[in-house]
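> Sequence and predicted structure below; questions after.
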Amino acid sequence: MILDRILEHKKAELRRKANRGYLASLKAKIADRPDPLNFCLALEQACTPDSPALIAEVKKASPSQGVMRPEFHDRFDPVKVADTYKKHGAAALSVLTDHAFFQGKLDDLVHVKDNVGLPTLNKEFMIEDVQFYEARAHGADAVLLIVAALDRIQLENFYAMAKGLHVDVLVETHHEREIDLVLERVPEAKLIGINNRDLHTFSTDLALTTRLAQRIPPDKLIVSESGIHKRDDVLQILKAGAKVMLVGESLIRADDIGKKIQDLRGVTLKEG
């Protein structure tokens, strides 16, 4: 399974960072950074009856698709991509920082946050304490916890660590039992993601959002992730109860990113 490969590589990568000096440098950077933005509130304020709020994803590559656009081989400008998202109505951003499988880096995160200014999620495979300090030191307003990658104790501890660093948490699920685990172990979690991508086959099915959303209390913000390519897809997840959509591939690959955002959201932005 691709997730297992990613996690094994991530463990080896983090072992190379395991020293007190590195953690101390991260804590010093955190002390110099402004307070995080309220990621969750920005999404709550942006969702409407006609469209979920949009978390637009900045990523250069993926394990299944490779480099997302031909020109990214020579030059990938995450700030330019993120700024386009902002101009066309994204409520928040997601920045991939895994290098081995997505060709991202922490510098992408800090450059996007400092130059674009929207609430920003560090899209990373969080399995060690130090990663939360990395996220906060590089400007993250929110982090991702993938339930399939964690045991129950890690889920609880990592959630508490993130909140202790004043960043929001998107808790990602793929199955009913994971929904139940989140509601039991971190009942205060507000943002619950449903990833429509199968971790074994990497195929996507929006029916997963429809099925799992029924299990989530109405006071939560449901984030539908992956497989959202057209307006009908948006209407399907909206009907299921999703108040937020996280979209990456279909935006990055679009000939006109701005128009693609408008099409998904069902709006036309006025010139000027």
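Good, I have the coordinates.

> from the chain's centre, how far out does stretch 150-160 sit?
Mean-position distance between stretch 150-160 and its chain equals 18 Å (C-alpha atoms, centre = their mean, to the nearest Å).

> Strands of the stretch 101-250 of the chain, start to end?
Ranges of strands within the stretch 101-250 of the chain are 120-123, 142-146, 168-173, 191-195, 221-225, 244-247, based on DSSP state E, counting those that start in this stretch.

> Just say which of those is most tucked in.
strand 120-123 (a mean of 28; mean count of other C-beta atoms under 10 Å). Every residue, glycine included, has its C-beta placed from N, CA and C.

> who's in contact with that strand?
37, 39, 55, 57, 59, 92-98, 104, 109, 112-113, 134-135, 138-144, 170 (C-beta atoms under 8 Å, 6 or more residues apart in numbering).

> Keep only those of these that are in helices.
Among those, the residues falling in helices (DSSP state H) are F39, L109, V112, K113, E134, A135.

> Max pairwise distance over these: which two?
F39 and E134 (17.0 Å; C-beta to C-beta).

> how many neighbours does the residue lying closest to K239 once chain neighbours are set aside have?
Of all residues not flanking K239 in the chain, T210 sits nearest, at 7.8 Å (C-beta to C-beta, 6 or more residues apart in numbering). Close neighbours of T210, defined as other C-beta atoms under 10 Å, add up to 18.

> Okay, now the unreliable bits of this structure?
268-272 (pLDDT under 70).

> which stretches of it form helices?
For the chain, the helices defined by DSSP H occupy 2-15, 20-32, 39-46, 78-87, 106-116, 129-137, 152-164, 176-185, 207-213, 231-240, 249-252, 257-265.

> between these, which one is nearest to F72?
Using C-beta to C-beta, those put helix 249-252 closest to F72, at 8.6 Å.

> Figure out how far the closest one is from the centre of its chain.
Using C-alpha atoms, centre = their mean, the offset of helix 249-252 from its chain centre is 14 Å.

> Just the buried residues of that helix, please?
The neighbour-count check on helix 249-252 (16 or more other C-beta atoms under 10 Å) flags E249, S250, L251, I252 as buried.

> For that helix, list the C-alpha coordinates in PDB.
What follows is helix 249-252, C-alpha atoms only, in PDB (Å, rounded to 0.1, in the frame of the first residue of the first chain):
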ATOM      1  CA  GLU A 249      -5.200  17.800  -9.000                       C
ATOM      2  CA  SER A 250      -8.100  19.200 -11.000                       C
ATOM      3  CA  LEU A 251      -7.000  22.800 -10.200                       C
ATOM      4  CA  ILE A 252      -3.300  22.300 -10.800                       C
END
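
> what does it rub up against?
Contacts for helix 249-252 (C-beta under 8 Å, 6+ apart): 56-57, 59, 62, 65, 68-69, 81, 85, 226, 228-230, 257, 260-261, 264.

> Try it again at 6 Å.
With C-beta atoms under 6 Å, 6 or more residues apart in numbering as the test, helix 249-252 has contacts from A56, M68, H229, I257, K260.

> which among those gets closest to K10?
Nearest member of the contacts of helix 249-252 to K10, counting by C-beta to C-beta, is M68, at 21.1 Å.

> For that closest one, which non-adjacent residue is spatially closest?
I252 is the one closest to M68 (C-beta to C-beta, 6+ apart), at 4.5 Å.

> same deal with A137?
Nearest one to A137, counting by C-beta to C-beta, 6+ apart, is K29 at 3.9 Å.

> cool, G241 as well?
A213 (4.2 Å).

> Can you tell me how far the one you found is from D141?
In this view, A213 and D141 are 25 Å apart by C-beta to C-beta, to the nearest Å.
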